[in-house]
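[1] turn this into a structure:
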Amino acid sequence: MSTSSPKTVPTGASVADFLATVDTEARRADCQTLVAMMQAATKEPPQMWGGTMVGFGTYPMAYANGSTQEWPVVAFSPRKNDLTLYLMPGLEEQADLLQRLGKHKTGKVCLYIKRLADVDLALLQTLIDKAVAGMAPRRIFKQQGTNT
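    As a prediction, the model looks like this:
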């Protein structure tokens, strides 16, 4: 059993510098739109998590073994084939919105979109807002370096 540190942790890396490395102008524009949407929903600035994930807000994720790790409330990553959105606590209860969203795929907490032009942005904002609202009881709010 490995006792290595988790790779997906907040870093001090620049979100702007990371997004500047995204391969196409259209994909970079989609990423900037996601930053605006997720920041509007969480009222939190973007932060790099690991080397490829842009996250907003935090909450303590509990694992089956009793340990916890800080995790973003919502996040996205511009992967090779898709924009991957991480929407906690999950997408199971969003079937109606997902049916009307447009072209996408889903996992338990992941929404995979090729490009934002393929989906209804108002419905996507609603999905992001619902994810943030669903996580509100678990969020960690930081003010001047303290948890409140």
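[2] every contact and neighbour count from this point should use C-alpha atoms.
    Fine.
[3] now the helices for this structure?
    15-20, 25-42, 95-101, 121-135 (DSSP state H).
[4] would you mind putting those into CSV with mean pLDDT, mean neighbour count and distance to residue 70 alongside?
    CSV is the format used below for the helices of the chain (pLDDT from 0 to 100; neighbours: other CA atoms under 10 Å; distance: least, CA to CA, whole Å):
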stretch, mean pLDDT, mean neighbour count, distance to residue 70
helix 15-20, 97, 14, 19
helix 25-42, 97, 18, 16
helix 95-101, 95, 13, 27
helix 121-135, 96, 18, 13
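[5] would you turn the ones you listed into JSON lines with distance to residue 85?
    Listed next are these as JSON lines, based on distance: least, CA to CA, whole Å:
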{"stretch": "helix 15-20", "distance to residue 85": "15"}
{"stretch": "helix 25-42", "distance to residue 85": "9"}
{"stretch": "helix 95-101", "distance to residue 85": "13"}
{"stretch": "helix 121-135", "distance to residue 85": "9"}
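[6] out of the ones you listed, which gets nearest to residue 89?
    Across the helices of the chain, residue 89 has its closest neighbour in helix 121-135 (6.3 Å, CA to CA).
[7] and the contacts of the closest one?
    Residues outside helix 121-135 that contact it (CA atoms under 8 Å, 6 or more residues apart in numbering): 37-38, 41-42, 59, 73-74, 87-90, 94, 97, 100-101.
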